[in-house]
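[1] need a 3D model of the following:
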Amino acid sequence: MIKSTVWTLCAALSIAPALAQPGAKGTPETTRPSGKAVILLIVVAEIDRLPKSVRKEVDTQIARMSDGDVSALRRTLSALPAASSALIAKGKSLSNVIAAALDDEGGLLIVTATEV
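    You can find the predicted model right below:
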């Protein structure tokens, strides 16, 4: 599962430059120049399909986010071609995104609203 999940806006994590090096290999120390995160895996999941423990963290984060925070998150993700591709592959768009998490191993979880 996701270890050491960091719940925050992608913009605050400065992940946009990280995807300029998709598929980067090496240890986290060698793949994070200047403190920038490197994304090695992107998972897109609907909020209702998350495990209960992860869902609780997501719900807490969503409660703290303003509309401006969500907009900033979506703008950041739109600058990441791999994130956009992952969303499209799941039949989702940026307008479905409600939260995101980046773990210490380079995994990015993009959480979307559940479609009715």
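[2] just the C-alpha atoms of the helix or strand residue 85 falls within, please, in CSV.
    Using DSSP states H and E, residue 85 sits within helix 81-89. Written as CSV, here are the backbone C-alpha positions of helix 81-89 (Å, rounded to 0.1, in the frame of the first residue of the first chain):
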residue,chain,number,x,y,z
PRO,A,81,1.5,14.7,-19.4
ALA,A,82,1.8,11.4,-17.5
ALA,A,83,-0.9,12.4,-15.1
SER,A,84,-3.2,13.5,-17.9
SER,A,85,-2.6,10.2,-19.7
ALA,A,86,-3.3,8.2,-16.6
LEU,A,87,-6.6,10.0,-16.1
ILE,A,88,-7.6,9.5,-19.7
ALA,A,89,-6.8,5.8,-19.5
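[3] which positions in it come out as buried?
    82, 83, 84, 86, 87 (16 or more other Cβ atoms under 10 Å). Where C-beta positions appear, they are placed from N, C-alpha and C, glycine not excepted.
[4] now swap in stretch 90-109 and tell me
    Per 16+ other Cβ under 10 Å, stretch 90-109 contains these buried residues: 92, 94, 96-103, 106-109.
[5] just give me the closest of these to residue 67.
    residue 98 (11.2 Å; Cβ to Cβ).
[6] I'd guessed the closest one sits against residue 62; true?
    Yes - using Cβ atoms under 8 Å, residue 98 makes contact with residue 62 at a distance of 6.0 Å.
[7] so residue 99 touches residue 111, yeah?
    Yes - assessed by Cβ under 8 Å, residue 99 is found in contact with residue 111 at 4.2 Å.
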